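Got a predicted model here, sequence first, then my questions.
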Amino acid sequence: MLDTIIRNALDIVGRTERLLEASKRLQDSEGLDEIEVYELDHEIERLGDAVFVVDEAIRSLARAVDCWPEAARAYEMRGTLH
């Protein structure tokens, strides 16, 4: 189940990064006035910051999930030695 959550979350991060790139291309087009460009730039920055934080959290979760079997084996070994 956690594998599915991690894969889906990383997919969302990837889609959001593509959305950010599309927004930057829109920003570079001639169809927006100065205020719209500023507001779009501000939202792009906020979304980019959020995606970075989510990406780091997901990757940290993935590393923790990868370590769980090792931690469980170590705990079982200590439990049997005592």
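Yep, that arrived.

Now do the top helix by length along the chain: which elements does it pack against?
As assigned by DSSP state H, the longest helix anywhere in the chain is helix 34-81. In this structure, helix 34-81 makes packing contacts with helix 2-28, judged by 3 or more CB pairs under 8 Å, 6 or more residues apart in numbering; DSSP states H and E. The way it works is simple: take the backbone N, C-alpha and C, and place the C-beta from them, glycine included.

got the angle between the helix it packs on and helix 34-81?
On the basis of axes from the mean of the first three to the mean of the last three CA atoms, to 10 degrees, helix 2-28 is oriented at 160 degrees to helix 34-81.

buried ones in helix 2-28?
By neighbour count with 16 or more other CB atoms under 10 Å, helix 2-28 contains the buried residues Ala9, Val13, Thr16, Leu20, Ser23.

now stretch 56-68
Residues of stretch 56-68 classed as buried: Ile58, Ala62 (neighbour count, 16+ other CB under 10 Å).
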